[in-house]
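**Student:** following is a predicted model, sequence given first.
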Amino acid sequence: MTGREEAAAELMAAYSATKSGVIAFIKSLHHEVTNAGIRTTLVEPDIVKTEHPDHVPHDQTRDYIKSGQVSRLAPEEIADNITHAVTRPQNASINEILVPLNSQNRNLLAASGEDYSL
């Protein structure tokens, strides 16, 4: 699992294990704190404009992301989604927010021949 979708990706075992652990932690935490009036939201963005590409261990994938052929989500787009979740009335709970790239960008990634499933 390199992201939300299960997929094997070279050199991504630690990332996949960590992400799976965070997902399980947030879901468990949600059950533990809901009765106390505490809300939790799992936010799962796709590729975001950060220093992240510098940390991708697979050279071809990193170079492809950095090439500009695929747009990435702006941090403000993620912040807008989080703001929406935390400003809901107390009786409303947004448990998960998935913020994927649009299908055009996903198709470009797939056409690159790289396995960069998120």
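**Tutor:** Looks like it came in fine.
**Student:** please count neighbours and contacts with C-alpha atoms only from this point.
**Tutor:** Will do.
**Student:** help me confirm that Ile97 is found in a strand?
**Tutor:** Yes. With DSSP: H, G, I helix; E, B strand; the rest coil as the criterion, Ile97 is assigned to a strand.
**Student:** gap between it and Ile82?
**Tutor:** Here Ile97 is placed at a distance of 8 Å from Ile82 (C-alpha to C-alpha, to the nearest Å).
**Student:** what's the overlap in contacts for the two?
**Tutor:** Counting by C-alpha atoms under 8 Å, 6 or more residues apart in numbering, the contacts common to Ile97 and Ile82 are Val43.
**Student:** let's see stretch 70-77 as CSV, backbone CA atoms only.
**Tutor:** Taking Å, rounded to 0.1, in the frame of the first residue of the first chain, the C-alpha atoms of stretch 70-77 are listed here in CSV:
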residue,chain,number,x,y,z
VAL,A,70,1.8,16.4,-13.6
SER,A,71,0.2,19.2,-11.6
ARG,A,72,0.2,18.8,-7.8
LEU,A,73,-2.4,20.0,-5.3
ALA,A,74,-1.7,23.3,-3.7
PRO,A,75,-1.3,23.3,0.1
GLU,A,76,-4.2,25.8,0.2
GLU,A,77,-6.5,23.2,-1.4
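**Student:** quick one: that stretch to chain centroid distance?
**Tutor:** In terms of C-alpha atoms, centre = their mean, to the nearest Å, the centre of stretch 70-77 is set 12 Å apart from its chain centre.
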